[in-house]
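Trainee: Fold the stuff below for me.
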Amino acid sequence: QVQLIESGGGLVQAGGSLRLSCAASGRTISSYGMGWFRQAPGEERECVAAVNWSGARTYYSDSVKGRFTISRDNAKNTVYLQMNSLKPEDTAVYYCAAVSLFLDIVKIRTREYNYWGQGTQVTVSS
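Mentor: Predicted coordinates:
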């Protein structure tokens, strides 16, 4: 079992930055694909960024491309999401997810992930 704990969320003004962290425990995530998802009230959960086990391959949704950066430190069993130039529409609960996937591909569908964190709230004020 993999336990994931997100941190770093909060309230920020539009144009500001936040860095989310996802600390994993229970197992090493060095062979896991990792993703950051978000869910706003009344909307479906969507993948905003994903990274393969090595960090060599990444995915970004069109809505965050150029503003968000996903990275991982396998030695620390942690994944990050650097969020810059935040907009009010980025307001959501952000979730970290993991899938056992030792391949050079990324997964972006919620049903493809096995483990989820509890989420951290990000609120961007205008």
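
Trainee: Which residue, other than its chain neighbours, is closest to Leu18?
Mentor: Distances taken as CB to CB, 6 or more residues apart in numbering place Met83 nearest to Leu18, at 4.9 Å, with adjacent residues excluded. C-beta coordinates here come from the backbone N, C-alpha and C atoms, glycine included.

Trainee: and the one you found, what are its bridge partners?
Mentor: Leu18, Phe68 (DSSP bridges).

Trainee: That one: what's it in contact with?
Mentor: Met83 makes contact with Ser17, Leu18, Arg19, Leu20, Val64, Arg67, Phe68, Asp90, Val122, according to CB atoms under 8 Å, 6 or more residues apart in numbering.

Trainee: So which residues make contact with stretch 63-73?
Mentor: Counting by CB under 8 Å, 6+ apart, 29, 34, 36, 48-51, 55, 58, 60, 78-86, 89-90 sit against stretch 63-73.
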